[in-house]
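Trainee: starting from these lines, generate the structure:
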Amino acid sequence: MEKSCSLLVHFDKGTPALANEIKEALEGNDVPAKIDAMKNAIMLLLNGETLPQLFITIVRYVLPSEDHTVQKLLLLYLEIIDKTDGKGRVLPEMILICQNLRNNLQHPNEYIRGVTLRFLCRLNEVEIIEPLIPSIISNLEHRNPYVRRNAILAVMSIFKLPHGEQLLVDAPETIERFLSTEQDASAKRNAFLMLFNCAQDRAVNYLLTNVDKVSDWGELLQMVVLELIRKVCRTNKAEKGKYIKIIISLLSAPSAAVVYECAGTLVSLSSAPTAIRAAANTYCQLLLSQSDHSVKLIVLDRLNELKSSHREIMVDLIMDVLRALSSPNLDIRKKTLDIVLELITPRNVNEVVLTLKKEVVKTQGGELEKNGEYRQLLIQAIHSCAIKFPEVASTVVHLLMDFLGDNNVASALDVVVFVREIIETNPKLRVSIVTRLLDTFYQIRAARVCSCALWIIGEYCLSLSEVESGIATIKQCLGDLPFFSVSEEEEGSDSSKKSQQATSITVSSRRPAILADGTYATQSAASETAFSPPVVVQGSLTSGNLRSLLLTGDFFLGAVVACTLAKLILRLEEVQSSKIEVNKASTNALLIMVSMLQLGQSSVLPHPIDNDSYDRIVLCIRLLSNTGDAVRKIWLKSCRESFVKMLSDKQLRETEEIKAKAQVSHSQPDDLIDFYHLKSRKGMSQLELEDEVQDDLKRATGEFVKDADDANKLNRIIQLTGFSDPVYAEAYVTVHHYDIVLDVTVINRTKETLQNLCLELATMGDLKLVERPQNYTLAPESIKQIKANIKVSSTETGVIFGNIVYESSNVLERTVVVLNDIHIDIMDYISPAVCSDTAFRTMWAEFEWENKVAVNTTITNEREFLDHIIKSTNMKCLTALSALEGHCGFLAANLYAKSVFGEDALVNVSVEKQTDGKLNGYIRIRSKTQGIALSLGDKITLKQKGGS
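Mentor: Residues are numbered from 1 along each chain as shown. Model (predicted):
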């Protein structure tokens with residue numbers, strides 16, 4: 001093992017000080033030069049130099065110095081140098097040091113005494129310490145608290161040494177006497193810490209005799225008391241009750257750190273409702289009183305943990321948690337809303353929604369730069385409240401519709417999606433929503449929001465007045481026809497040559513695209529209109545918003561306008577008795593559609609209309625020219641039915657997830673249960689009784705049972721060497737989030753003693769070994785357990801390889817046994833997660849790493865292949881089950897997972913059944929980091945055949 005080090009100094013290796021220069025400076029009388037020389041000597045020693053010639057110089061010229069800085073540096077120097085020889089015996093010259101240390105411990109200056117006592121805390125050589133013990137003990141009674149508190153630490157560290165109890169036989173009694181008379185807070189804390197570490201029974205005894213004074217003790221001492229309580233209660237659960245009372249009395253302490261620790265200790269020790277409520281209240285108070293954002297986030301994490309285990313208690317505190325929204329930090333607000341949304345009940349939903357509405361109104365003031373994002377979070381929160389409790393929808397939907405024209409496209413889109421869902425699930429609100437939507441439609445600025453709003457108008461305008469208003473609103477927002485004049489087109493054709501030159505310049509921003517056969521082609525930026533950022537236009541009554549968007553070349557919106565007009569005309573035929581009015585409206589609609597086609601084919605716009613939009617508008621023109629009953633049914637009914645099915649699927653998925661979360665582990669039917677009614681209750685307080693009941697309940701529901709299955713453990717054992725090797729080794733691999741623990745069992749199969757046996761490991765990938773290997777001596781046929789810690793810094797497949805090296809008496813050179821490689825599986829780091837379709841698409845567009853794996857499998861059923869991939873990659877399928885039903889010979893699905901490091905993994909599976917019955921297609925993996933994309937690709941390639 002490397003030497004332990006309590007000191008780390010930055011050292012510039014470019015200019016090393018020479019030993020001779022240091023020696024000269026130390027021998028001089030110039031104190032600043034001596035200080036610099038000592039600093040240089042310490043730096044050189046810390047960086048591996050030995051400097052043996054300096055020791056005598058330091059003893060002669062530095063020991064006598066009265067300067068405090070020099071004395072402090074001298075102690076640092078003494079801490080670093082080797083005080084023993086190769087065989088572990090103390091060097092004879094250390095006797096010179098011993099006398100100096102004794103003088104320091106009796107020095108008139110408190111600082112010199114204090115730093116010397118601190119130095120002794122880091123000294124392990126009993127031979128040096130033994131002569132100093134009377135001086136150390138005498139310092140416990142020094143008048144200055146600085147000396148006393150360091151003397152206690154020195155006593156504690158000496159008592160902890162291998163033979164420390166013989167050196168300081170009555171140390172615990174001395175410290176206990178000291179503790180009863182001491183007044184200084186730090187010295188008391190150190191004395192109590194010494195008893196806690198070295199004589200726990202005395203610490204407990206002192207605590208219980210002074211139980212009434214605990215709330216008056218200093219913050220430092222209270223923290224140690226809490227640590228002692230945690231330790232005692234783990235080993236002796238029966239005495240929990242009296243300690244919980246102490247913790248509850250400390251909840252009113254003035255120190256925020258103590259209060260936080262109290263709450264954490266309460267939750268870890270007890271499940272009694274009174275205790276949990278007290279802890280939750282404490283966390284809520286800290287959330288409001290602490291201004292530091294990091295503290296708030298940590299407290300919210302604790303509240304989140306409480307929510308999962310004690311939801312019914314947290315429900316009562318929902319309004320206190322909501323007050324954290326007053327913080328301007330977006331992460332805090334997001335975390336707060338996540339917690340609150342899972343605590344909503346019919347009893348508190350109105351109160352919560354009222355608070356969220358007030359917050360939405362506040363975001364209209366433009367002081368904060370993240371108002372748009374915050375508004376989006378609030379809208380999503382209100383949306384989920386309204387879906388769970390439809391009765392609150394009527395109170396919020398009209399307020400939110402004011403934000404349809406929001407500059408923040410994402411939040412406007414959230415509003416329109418919310419409106420679309422509410423209008424279907426709350427039929428009573430249909431008329432008021434449609435009226436409001438038609439009134440505010442001109443304010444909408446984003447094409448995607450317009451498309452969704454037009455779909456709502458087309459589907460839910462049912463009465464004559466609504467249909468007529470709908471058609472009028474669309475016409476108003478499109479403005480006067482035609483969309484361009486002949487003179488503009490001529491100008492356009494003149495400038496088309498210029499624009500061609502211009503586009504030839506813009507085409508230079510090229511990037512390679514991957515074709516279906518895997519080759520690269522150059523793709524110009526000009527052809528990427530579909531992926532350009534959403535255009536936002538100023539909506540006004542004078543120049544219609546739809547017109548402005550169409551003139552930017554958005555013909556997908558044009559197709560949506562055509563479909564909406566077609567639906568409205570078909571519905572008008574049903575509700576309007578006058579044939580003339582119907583024909584007039586139909587003619588106007590046809591004129592609009594033809595005008596859009598003309599615009600798309602003219603040279604006014606830089607890009608012509610795309611084929612899909614063209615076909616869709618032509619279909620609408622044909623439909624209005626010649627309508628059959630079957631087609632009418634498809635346009636007016638089937639579309640809505642698909643939407644209703646989508647909503648019911650979504651609801652079904654959510655209820656299934658809630659059911660899955662609600663399943664808890666149950667204990668075995670033959671496990672022993674204590675019935676607290678039959679127990680003696682003498683001398684038990686209400687809190688102790690509650691705690692006993694909760695413990696019994698936990699035992700009955702299996703919460704005390706470890707989740708780890710013993711049979712599962714055997715799967716994690718990896719054989720490292722062969723049975724015929726002289727040393728047999730196997731490893732049990734435990735994967736925690738950020739580190740891997742290898743528990744290696746090494747067996748000496750020979751009849752000889754193996755000396756200097758060392759397990760040498762090396763890693764590949766983002767894995768790092770934490771400690772240096774140690775040497776062991778293994779007796780014949782004996783077993784040794786060796787632990788190795790490995791840190792993990794990112795989600796990717798890593799490899800650990802190594803060997804066992806040892807010496808034996810009959811072989812001169814060292815023997816090496818090479819070990820099997822241990823492959824760390826990426827599946828241990830990723831877990832299924834859920835995200836919205838919008839978020840998935842956004843990430844898909846942003847992430848730069850893509851790995852494309854060709855489908856190569858023996859499985860012939862598309863759905864079976866998808867299930868196999870989901871199981872192999874430990875991912876969640878985001879595509880609704882209804883979308884995967886049926887047999888059409890083609891399947892496309894999106895999968896999503898999150899790593900323990902917070903990285904996202906996106907997978908798109910597209911497979912097609914060939915005529916010969918085999919599956920063909922691609923699996924695309926995208927992520928922010930290269931590691932996940934490559935590791936998941938390798939995993940899929942390995943598993944997709946259908947093997948285990």
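Trainee: residues near residue 938, how many?
Mentor: Close neighbours of residue 938, defined as other CB atoms under 10 Å, add up to 15. For glycine as for every other residue, the C-beta is placed from the backbone atoms N, C-alpha and C.
Trainee: spell out the secondary structure type for it.
Mentor: For residue 938, the assignment made with DSSP: H, G, I helix; E, B strand; the rest coil gives helix.
Trainee: what does residue 731 give?
Mentor: When classified by three-state DSSP, residue 731 comes out as strand.
Trainee: what's across from it in the sheet?
Mentor: residue 718, residue 744 (DSSP bridges).
Trainee: show me the contacts for it.
Mentor: Residue 731 makes contacts with 717-718, 720, 742-745, 822, as judged by CB atoms under 8 Å, 6 or more residues apart in numbering.
Trainee: quick check: pLDDT value at it.
Mentor: Looking at residue 731, its pLDDT stands at 91.
Trainee: kindly report the same for residue 350.
Mentor: Looking at residue 350, the pLDDT reads 86.
Trainee: and the two most separated of the contacts of residue 731?
Mentor: Based on CB to CB, the longest span within the contacts of residue 731 runs between 745 and 822 and measures 14.0 Å.
Trainee: more neighbours: which of the two?
Mentor: Ranked by neighbour count (other CB under 10 Å), residue 745 and residue 822 place residue 822 first, with 20 against 15.
Trainee: now the helices for the stretch 651-800 of the chain?
Mentor: 686-701, 710-715 (DSSP state H, counting those that start in this stretch).
Trainee: any low-confidence regions in the stretch 201-350 of the chain?
Mentor: Counting by pLDDT under 70, the stretch 201-350 of the chain contains no low-confidence range.
Trainee: how about the helices in it?
Mentor: In the stretch 201-350 of the chain, the helices defined using DSSP H, counting those that start in this stretch lie at 219-235, 240-250, 256-269, 273-289, 293-309, 311-315, 318-322, 330-341, 349-362.
Trainee: can I get the first one in PDB, CA atoms only?
Mentor: Which is helix 219-235. The C-alpha coordinates for helix 219-235 follow below in PDB (Å, rounded to 0.1, in the frame of the first residue of the first chain):
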ATOM      1  CA  GLU A 219     -24.100  22.500  17.300                       C
ATOM      2  CA  LEU A 220     -20.900  20.400  17.000                       C
ATOM      3  CA  LEU A 221     -21.700  18.300  20.100                       C
ATOM      4  CA  GLN A 222     -25.300  17.800  18.900                       C
ATOM      5  CA  MET A 223     -24.100  16.400  15.600                       C
ATOM      6  CA  VAL A 224     -21.900  13.800  17.400                       C
ATOM      7  CA  VAL A 225     -24.900  12.900  19.600                       C
ATOM      8  CA  LEU A 226     -27.000  12.200  16.500                       C
ATOM      9  CA  GLU A 227     -24.200  10.000  15.100                       C
ATOM     10  CA  LEU A 228     -24.000   8.100  18.400                       C
ATOM     11  CA  ILE A 229     -27.800   7.600  18.300                       C
ATOM     12  CA  ARG A 230     -27.700   6.200  14.800                       C
ATOM     13  CA  LYS A 231     -24.900   3.800  15.700                       C
ATOM     14  CA  VAL A 232     -26.600   2.600  19.000                       C
ATOM     15  CA  CYS A 233     -30.000   2.100  17.400                       C
ATOM     16  CA  ARG A 234     -28.600   0.000  14.600                       C
ATOM     17  CA  THR A 235     -27.000  -2.400  17.000                       C
END
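Trainee: how far out from the middle of the chain is it?
Mentor: Its chain's C-alpha centre and that of helix 219-235 lie 30 Å apart, by CA atoms, centre = their mean, to the nearest Å.
Trainee: now do it: which elements does it pack against?
Mentor: If you count contacts as 3 or more CB pairs under 8 Å, 6 or more residues apart in numbering; DSSP states H and E, helix 219-235 packs onto helix 185-198, helix 200-209, helix 240-250, helix 256-269.
Trainee: if you count neighbours, what's buried in the first one?
Mentor: Residues of helix 185-198 classed as buried: 186-196, 198 (neighbour count, 16 or more other CB atoms under 10 Å).
Trainee: got the angle for it vs helix 200-209?
Mentor: Orientation check (axes from the mean of the first three to the mean of the last three CA atoms, to 10 degrees): helix 185-198 against helix 200-209 gives 130 degrees.
Trainee: where does the chain have low pLDDT?
Mentor: By pLDDT under 70, the low-scoring segments of the chain are 1-17, 365-369, 486-543, 661-713, 737, 794-797, 811, 946-948.
Trainee: okay then, goodbye and thanks.
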